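Peer 1: Next input, structure requested:
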Amino acid sequence: MKTTIFILSALLTAGIPVIAQDILQVEVTNVKDTTGFIMVGLFSTEDSFLKKPVIGQTVRADHGSVMVTFKNVPAGEYAISVIHDENGNGELDSNFLGLPKEGFGFGNDAMGSFGPPSFDKAKVIVNGQTKKQVVKMRYF
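Peer 2: Have a look, this model is predicted:
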C-alpha cells in the first residue's frame, strides 16, 4: 500500500496524469429464481441501444439479487439493459404478442409506454468514479 501511494505521489509530482479507473456496478434485484443467466449490456449510443452492447457481462442467476461489476469503463454515457435469460439461449424470448417471456430491466428502472424505454431514460453517466446502479427485474 505504501508503495502504491509513493508511486502515485511521484507521478502527480512529476506532472504525469493518473487516469482513474471507471467502475460501474449494476445490482440486479427482484431475480425470481436461479434458473439460467443474468445478462447485462451497456450501450453507448441510441442507434446501438438494445442491438449491440459495447460492453456486456453474463452471470449465473441467483434468487433475489446479483451484482455485476464493469471495470475500466471509458467515461461517457451508457444505457443499461438487463435480461434474465432463463433458458440460456442468449436472447430475450417473447410470446406471440411480442411481450417478454423472460425477465428484463433497464438503467434508472426506466420503462417505456409500449415497448422499451428510450436510450436517454435508461442511461447513466460514467465519469471517473465508482458508480452504482440498481435495476429491478420485471416479469410478465
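Peer 1: going forward, measure contacts and count neighbours with C-alpha atoms only.
Peer 2: Noted.
Peer 1: for the protein, what helix or strand is lowest in average pLDDT?
Peer 2: Taking mean pLDDT, DSSP states H and E as the measure, the helices and strands of the chain show their lowest mean at helix 2-13, namely a mean of 45.
Peer 1: Quick check: what element follows it along the chain?
Peer 2: Reading on from helix 2-13 to the C-terminus, the next helix or strand found by DSSP states H and E is strand 23-31.
Peer 1: I'd like the distance from the helix or strand just after that following strand to the chain centre, please.
Peer 2: The C-terminal neighbour of strand 23-31 among helices and strands, as given by DSSP H and E, is strand 37-43. Taking the mean C-alpha point of strand 37-43 and that of its whole chain, the gap between them comes to 6 Å (C-alpha atoms, centre = their mean, to the nearest Å).
Peer 1: Just checking: what are the partner strands of strand 37-43?
Peer 2: Within its sheet, and counting by DSSP bridges, strand 37-43 is paired with strand 55-60 (antiparallel), strand 76-85 (antiparallel).
Peer 1: what comes up buried for the last one?
Peer 2: What it means is strand 76-85. Buried positions in strand 76-85, judged by neighbour count with 16 or more other C-alpha atoms under 10 Å: Glu77, Tyr78, Ala79, Ile80, Ser81, Val82, Ile83, His84, Asp85.
Peer 1: No further queries at this time; thank you.
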